[in-house]
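>>> Give me coordinates for this.
(4 chains)
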2 protein chains.
Amino acid sequence: MKKKIKLFIADDHQMFIDGIKSLLNETDWIEIVGEANNGREVIEKMHIRMPDVLLLDIGMPELNGIETTFLLTENYPSIKIIALTMYDDHHRVSKMLKAGVKGYLLKNTSKNELLEAIEAVNKDETYLSPQLEKFALNNEKTEDQSIISKLTKREIEIIKLIVQSSTNKEIADKLFLSELTINTHRKNAMRKLELKNTASLVQFAIENNINDL
Amino acid sequence: MKKKIKLFIADDHQMFIDGIKSLLNETDWIEIVGEANNGREVIEKMHIRMPDVLLLDIGMPELNGIETTFLLTENYPSIKIIALTMYDDHHRVSKMLKAGVKGYLLKNTSKNELLEAIEAVNKDETYLSPQLEKFALNNEKTEDQSIISKLTKREIEIIKLIVQSSTNKEIADKLFLSELTINTHRKNAMRKLELKNTASLVQFAIENNINDL
DNA sequence: GAAAAAATACACCAAAAGGTGTAATTTTAA
DNA sequence: TTAAAATTACACCTTTTGGTGTATTTTTTC
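Now for the predicted structure:
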């Protein structure tokens, strides 16, 4: 019999962890060596029994997925991380892959896919949820040609402040710029994103996590 | 041996369903008789093998938790529903209890709590996650004194459309009302919520899931 | 069936946002 | 070391939002 794969599970929903544990205990080639409910806890517990594979929910509090991944791959380069997410947030995939994850799974996939993913990343292969693969592919060549990348640094900065309910005047005061300049950036950003008003801009920003860009 | 409790699971994350199934299969007094990934599917599949208890994620697409609960308790008054949620959205608890759920569980609780909840509701008792009980208690007297409950039906309807980036004029056309009326509702809602502009209104609406209210 | 709440609609007016275009300066990258 | 991109700033003008108040009608609730 082949050697068991040592697995660590991190998710802020204990019920989900319990479920996955039970699910994986049905196999004889996976052993669960640890669990955590947030990023900080992962960092703390990881070294106790070093896992081969880490199932990491990227929507956890305290430390988010990207930060945790960076910290972990720095300290434990051999760890294979599978990012778990609820949303089809494909714009994050490349970011997470760059941060060092080997797999990217949506939670609305089935048991079988999970097992496949664990097996694949353990062999140092990359595994993406089928729904995500198409994005990853045209990602190879076009890198990050998402509409967001058209925005300049200043524009993103200003959008963040708009989402925080600041008016142009307030933003201008904060950044020591003319209110007219802020308005120009705001309008330019909206033209690039093809958005028609503040409501859609805020929506867009939240959906696309502009805030942790 | 006591009769097995027949359980139906509804959650939009297949992986979660698979986990819970495996978890519950470890017990000998629960039998899973069905599963679904959205509210509509629950309605369709429910009658095939009538469950005693329904585990219902309230954040599903197609039909949300409250709507699904209403439909189900109307057609199957004997069904015991346990609402599952990720967030500590206590302002929804009373609403869901009124809609007919017998239990309310947060996903960040453990396996044991889940089993306790299933057992309790099957005996027609009410079960709430310990974290929620305090809210339910002062809920008895203060009902739902969340700031949201100050909003009228019309105001909520209009906020939803604002979040969808509609202008007052567009909303007026859609609802066959005067633009001035829409503006009045908008301003009244904002005064009640103590919000100063569209950006904060959209933020608030998204954070508080106004959309499935 | 009276009182209260909600929905409708307006006046009047101020502030903010949004559309289009020009232009000088600064930063970045080829 | 230039060409390109980004940042800053303004003009001119329209539309949309937002604040405060009044008032009539409709719906709910006690």
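>>> and A:Pro77, how far is that from A:Phe70?
12 Å (C-beta to C-beta, to the nearest Å). C-beta here means a position set from N, CA and C on the backbone, and glycine is covered the same way.
>>> So the two - more neighbours on which side?
A:Phe70 (14 against 8; other C-beta atoms under 10 Å in any protein chain shown).
>>> Now for that one: which residues touch it?
For A:Phe70, the contacting residues are A:Ala99, A:Gly100, by C-beta atoms under 8 Å, 6 or more residues apart in numbering or on different chains.
>>> On the three-state scheme, it is what?
helix (DSSP: H, G, I helix; E, B strand; the rest coil).
>>> Let's see the pLDDT reported for it.
The per-residue pLDDT reported for A:Phe70 equals 79.
>>> got it, and A:Ser165?
Confidence at A:Ser165, expressed as pLDDT, is 91.
>>> same thing with A:Gly65?
Per-residue confidence at A:Gly65 stands at 68 (pLDDT).
>>> coming back round to it: hey, what's in contact with both of A:Pro77 and A:Phe70?
If you check A:Pro77 and A:Phe70 against C-beta under 8 Å, 6+ apart, no residue is contacted by both.
>>> just the strands in chain A please.
Using DSSP state E, the strands of chain A run over A:5-10, A:30-36, A:53-57, A:80-85, A:103-106, A:127-128.
>>> wait, does the first one contact chain B?
If I follow you right, that is strand A:5-10. No. Using C-beta under 8 Å from any C-beta of the partner chain, strand A:5-10 stays clear of chain B, with a minimum separation of 10.4 Å.
>>> what pairs with that strand, and is each one parallel or antiparallel?
Applying DSSP bridges to the sheet, strand A:5-10 is found paired with strand A:30-36 (parallel), strand A:53-57 (parallel).
>>> got the contact list for the longest one?
Surrounding strand A:30-36, the residues in contact under the criterion C-beta under 8 Å, 6+ apart are A:4-10, A:17, A:21, A:24-25, A:42, A:44-46, A:48-51, A:118.
>>> export that strand as PDB, just CAs?
The C-alpha coordinates for strand A:30-36 follow below in PDB (Å, rounded to 0.1, in the frame of the first residue of the first chain):
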ATOM      1  CA  ILE A  30      -5.400  10.100   3.400                       C
ATOM      2  CA  GLU A  31      -4.600  11.000   7.000                       C
ATOM      3  CA  ILE A  32      -5.800  14.100   8.600                       C
ATOM      4  CA  VAL A  33      -3.000  15.600  10.800                       C
ATOM      5  CA  GLY A  34      -4.500  18.900  11.800                       C
ATOM      6  CA  GLU A  35      -7.200  21.500  11.400                       C
ATOM      7  CA  ALA A  36      -7.600  25.300  12.000                       C
END
